[in-house]
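Colleague: Structure of the sequence below:
(5 chains)
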Amino acid sequence: MFLGRVIGEVWATRKVDDLRSLRLLVVEALDERREPGAPKVTPVVCADPLGADIGEHVIVAFGKAARVATLGQDGDFAFEAAIVGIVDDFDVPNAPESWRMHDVESLAAARAKRKAGA
Amino acid sequence: MFLGRVIGEVWATRKVDDLRSLRLLVVEALDERREPGAPKVTPVVCADPLGADIGEHVIVAFGKAARVATLGQDGDFAFEAAIVGIVDDFDVPNAPESWRMHDVESLAAARAKRKAGA
Amino acid sequence: MFLGRVIGEVWATRKVDDLRSLRLLVVEALDERREPGAPKVTPVVCADPLGADIGEHVIVAFGKAARVATLGQDGDFAFEAAIVGIVDDFDVPNAPESWRMHDVESLAAARAKRKAGA
Amino acid sequence: MFLGRVIGEVWATRKVDDLRSLRLLVVEALDERREPGAPKVTPVVCADPLGADIGEHVIVAFGKAARVATLGQDGDFAFEAAIVGIVDDFDVPNAPESWRMHDVESLAAARAKRKAGA
Amino acid sequence: MFLGRVIGEVWATRKVDDLRSLRLLVVEALDERREPGAPKVTPVVCADPLGADIGEHVIVAFGKAARVATLGQDGDFAFEAAIVGIVDDFDVPNAPESWRMHDVESLAAARAKRKAGA
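Modeller: Numbering: from 1, shown residues only, chains lettered A, B, ... in the order given. Predicted coordinates:
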């Protein structure tokens, strides 16, 4: 599991049946350093059984854990990542400042600007 | 699962039986920054049960989820990655511009040039 | 499994049921070099069945191993990372000096400062 | 699964029983950029049920898929990576030139030189 | 599976029961380039059913394969990495020189120095 931040949402009309009822969020991991020069990992697309908002911190799990979190059991389901917790607070004394930023305003502003320009 | 872009296709005559009926696409992940200096991850080879085109954005799943997406069930199948959704749109406010580019034209041009030169 | 150091704790009120009784720690991996320019991996959020303290070195396992370590068996549980051992000592002759630092004082100081400032 | 190139072979006398009958090849992944400064991933050691040669492009699968590809079924087998296809051709329009090089000659020359010098 | 080198050992008194009888080694992966500027991966902690020495090259497997290698079967065991082979030799023509170094002497010297200084 990793600690991440919801950075967006994705929609797909053509998809396998198991994804039809799932809300799919894009989550970036919080890494140990977020300076511009630091390499970035690939954001994860995950099912969201908890109703997280963009900008919120979340815990993401993979594989069987993701299917159990979303559907209450494992089985022949065609996804393998899910939000298992929405974070209230964390105590990581040496964490970079950027971990604290929820970016809700800047995210909302960016979204508004993009829609206005479209 | 990750958000990626179909960048090509691969063919193998000598392969294990389970791959005989599968179309195998090459998908690169969309990461948080795509400047030339950024490290790149390894593209994924995945089964394509949905008929994605080169340049399209897709959601890729691994392991059991990939087998269920492709064959409707898990079982003793010799592959572990598949496209589970073809993306219509995404809302990731701070995403790099490059995420928006489908590159269909440049991909088609590059392919034509390579074939003409061969 | 990897060798890591507990760097913090995380709390979530809204979470899937299986996480309700679990203490969730944030663990960073000890990598081969820890100079400022080195790329950092993403810290892992894991269940802690052993009662580790911040600053302690631990061994972290994933998947089925994590569920067995925490609950004594595998099953339909919605998590996939756990501390399986608290390290007394290690003999890695060429390990960076930073592996030896438990940082308990600096971690405690940072936490105190953050609380005082809040 | 990933697209790779066979770069060598490895032998082990002391090994677990399940590996006794397996040919073990070393495969490097083809990543999106192969300039000298780009970070490199760790080569994979995998079972080879198809008889691939050094320098050939292959598709590698992990976990259950690798066991099924090699033994026709999953079970209590002590390996988790295998070649599932030997690539005839690929169409990745924007692929780096280095993807095309099979390096068979340079690999053979390097091997001959090493043996002569030994 | 990956090709690695045993770089050390780790001990834990407080650990889950399944780890009680296991020797736990620290193994670093051999990557494609080992210059000082290259990013390093995180060493793996793995069970050692074969009795490998520090400095030896080994093949490491994960998940079910690791449990089968160590205990002869998969089951509810709380670990997921193990040495499955001790390498006699490898033929990787373009491998970096550093792959050949077993570093036994330098490792032994470093260990002696550390103990003398303690």
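Colleague: check contacts around the spatially closest residue to residue A:72 that is not a sequence neighbour.
Modeller: The shortest distance from residue A:72 to any non-neighbouring residue, by CB to CB, 6 or more residues apart in numbering or on different chains, is to residue C:76 (7.6 Å). For every residue, glycine as well, the C-beta is placed using N, CA and C. Residue C:76 is in contact with A:64, A:68, A:72-74, counting by CB atoms under 8 Å, 6 or more residues apart in numbering or on different chains.
Colleague: middle-most residue in chain A, spatially?
Modeller: residue A:27 (2.5 Å; CA atoms, centre = their mean).
Colleague: Name the SS class of it, please.
Modeller: Of the three states, residue A:27 takes strand under DSSP: H, G, I helix; E, B strand; the rest coil.
Colleague: Let me know whether it touches residue A:83 as I believe.
Modeller: Yes. The criterion here is CB atoms under 8 Å, and residue A:27 meets it with residue A:83 at 7.2 Å.
Colleague: sec struct for residue A:65, please.
Modeller: Put simply, residue A:65 is helix when judged by three-state DSSP.
Colleague: what's near enough to touch it?
Modeller: A:1, A:82, A:84, C:77-80.
Colleague: Quick check: mean pLDDT of the top strand by length along chain A?
Modeller: Across chain A, the longest stretch assigned as strand under DSSP state E is strand A:2-11. Averaging pLDDT along strand A:2-11 yields 95.
Colleague: If we go by neighbour counts, what in it is buried?
Modeller: A:2-10 (16 or more other CB atoms under 10 Å in any protein chain shown).
Colleague: Same check on stretch A:13-28?
Modeller: Using 16+ other CB under 10 Å as the burial criterion, the residues of stretch A:13-28 that qualify are A:15-16, A:18-19, A:22-28.
Colleague: Same check on stretch A:58-75?
Modeller: The neighbour-count check on stretch A:58-75 (16+ other CB under 10 Å) flags A:58-71, A:74 as buried.
Colleague: would you list every one of the strands in chain A?
Modeller: A:2-11, A:14-15, A:24-29, A:44-47, A:57-62, A:81-86, A:89-91.
Colleague: And the closest residue to chain B within chain A, how close does it get to chain C?
Modeller: Of all residues in chain A, the one sitting closest to chain B is residue A:8 (3.0 Å; CB to the nearest CB). Distance, residue A:8 to chain C, using CB to the nearest CB, to the nearest Å: 18 Å.
Colleague: can you count the residues close to the closest residue in space to that residue that isn't next to it in sequence?
Modeller: Distances taken as CB to CB, 6+ apart place residue B:92 nearest to residue A:8, at 3.0 Å, with adjacent residues excluded. Using other CB atoms under 10 Å in any protein chain shown, residue B:92 has 25 other residues around it.
Colleague: give me phi/psi at residue B:92?
Modeller: Phi and psi for residue B:92, reported as degrees, to the nearest 10, are phi -130, psi 90.
Colleague: wait, it sits on residue A:7?
Modeller: Yes. If you go by CB under 8 Å, residue B:92 and residue A:7 touch, sitting 5.5 Å apart.
Colleague: Give me the common contacts of the two.
Modeller: With CB under 8 Å, 6+ apart as the test, residue B:92 and residue A:7 both reach A:26, A:43.
Colleague: near chain C, which residues of chain A show up?
Modeller: Residues of chain A lying near chain C by CB under 8 Å from any CB of the partner chain: A:1-3, A:29-33, A:38-39, A:41, A:49-51, A:59, A:61-66, A:68-69, A:72-74, A:82, A:84-95.
Colleague: Which single one of the contacts of residue C:76 is nearest to residue D:100?
Modeller: Of all the contacts of residue C:76, residue D:100 sits closest to residue A:64, with 39.7 Å by CB to CB.
Colleague: Run through the residues that contact that closest one.
Modeller: Neighbour list for residue A:64: A:74, C:63, C:76, C:80 [criterion: CB under 8 Å, 6+ apart].
Colleague: Same list, those, but as TSV with pLDDT please.
Modeller: Converted to TSV, those look like this (pLDDT from 0 to 100):
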residue	pLDDT
A:74	97
C:63	98
C:76	97
C:80	98
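Colleague: farthest pair in these?
Modeller: Maximum distance among the contacts of residue A:64 (CB to CB): 13.6 Å, for C:63 and C:76.
Colleague: If the residue of chain A closest to chain B is in a bridge, with which residues?
Modeller: Counting by DSSP bridges, residue A:8 forms beta bridges with residue A:26.
Colleague: got a list of what it touches?
Modeller: Contacts of residue A:8 by CB under 8 Å, 6+ apart are A:25-26, A:54, B:90-93, B:95.
Colleague: what about 10 Å?
Modeller: Applying CB atoms under 10 Å, 6 or more residues apart in numbering or on different chains, we find residue A:8 in contact with A:24-28, A:43, A:45, A:54, A:107, A:111, B:3, B:90-95, B:99.
Colleague: Over to residue A:71?
Modeller: So residue A:71 contacts A:18, A:21-22, A:47, A:49, A:77, A:79, A:82, C:76 (CB under 10 Å, 6+ apart).
Colleague: nearest to chain D, of the residues you listed?
Modeller: Relative to chain D, the closest of these is residue A:77; by CB to the nearest CB it sits at 16.1 Å.
Colleague: burial count for that closest one?
Modeller: By other CB under 10 Å, neighbour count at residue A:77 equals 25.
Colleague: who touches it in this structure?
Modeller: Residues in contact with residue A:77 (CB under 10 Å, 6+ apart) are A:16-19, A:22, A:47, A:64, A:66-68, A:70-71, B:61, B:64-65, B:68-69, B:74.
Colleague: Repeat the analysis, applying 7 Å as the threshold.
Modeller: Counting by CB atoms under 7 Å, 6 or more residues apart in numbering or on different chains, residue A:77 makes contact with A:18, A:67, A:71, B:65, B:68.
Colleague: Can you check what pLDDT the model gives the third one?
Modeller: Among the per-residue scores, residue A:71 holds a pLDDT of 97.
Colleague: Poorly predicted segments of chain A, please.
Modeller: A:32-40, A:101-115, A:117-118 (pLDDT under 70).
Colleague: 50 instead?
Modeller: A:34-35, A:118 (pLDDT under 50).
Colleague: what about the closest residue to residue A:22 other than its chain neighbours, how many residues close to it?
Modeller: Nearest non-adjacent residue to residue A:22, counting by CB to CB, 6+ apart: residue A:47, 4.5 Å away. Here the count is done by other CB under 10 Å, and residue A:47 has 25 residues near it.
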